[in-house]
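1. After the sequence you'll find the predicted model.
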Amino acid sequence: MTIYHGNDGVVKVSTNTVGEVQEFTYDEEDVAMAEQTSMGDTIATPVASGCKRGKGTVSCLLDEDDTNGQLALLVVGATVDLNLYGEGAAAGDFEYGGNVVITGVSRAVSKSELNKITFSFNGVLTRAAVPS
């Protein structure tokens with residue numbers, strides 16, 4: 001069994017690496033379900049009746065000089081080509097990628113910590129091997 005350390009993770013906007021990433025999440029939500037039953041049936045038959053949905057976040061230490069990474073994620077409502085790499089971005093590793101819409105930007109400032117920024121997104125990402 002191969003296991004990976006979070007330190008190997010990478011986030012890219014198109015081909016540009018996002019700087020100072022601390023963590024990212026990606027969740028695929030269940031499709032809407034319906035039941036295909038008729039009078040007299042004693043067992044409900046589930047049927048997928050909707051589209052798959054995805055959402056996630058990318059959290060970073062704030063770096064305003066990261067013009068092709070963090071600043072590309074800064075516009076709420078923008079569509080970006082987002083790529084998440086949980087095990088690294090070398091050939092043969094797996095990535096989750098696709099177009100997503102930035103749905104929120106959250107900033108956290110604390111006197112005892114470094115400034116943080118979190119980007120929220122919606123969109124379904126596709127799993128694929130990183131090409132060589």
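-> Perfect, I can see it now. Just so it is clear, the structure is predicted and the values come from calculations on it, not from any experiment.

2. Regarding the protein, what is its longest strand?
-> strand 94-108 (DSSP state E).

3. outside of that one, which residues touch it?
-> Contact partners of strand 94-108, identified using C-beta atoms under 8 Å, 6 or more residues apart in numbering, comprise 26, 54-56, 62, 73-87, 89, 115-130. (C-beta placed from N, C-alpha, C; glycine too.)

4. Whichever of the residues you listed end up buried, select them in ChimeraX.
-> Those of those that count as buried under 16 or more other C-beta atoms under 10 Å are selected in ChimeraX with:
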select :26,54,55,56,73,80,82,83,84,85,86,87,89,116,117,118,119,120,121,123,124,125,130
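
5. Near residue 61, how many other residues are there?
-> Burial of residue 61 is recorded as 15 neighbouring residues (other C-beta atoms under 10 Å).

6. any idea how far residue 113 is from it?
-> Distance of residue 61 to residue 113, given as C-beta to C-beta, to the nearest Å: 9 Å.
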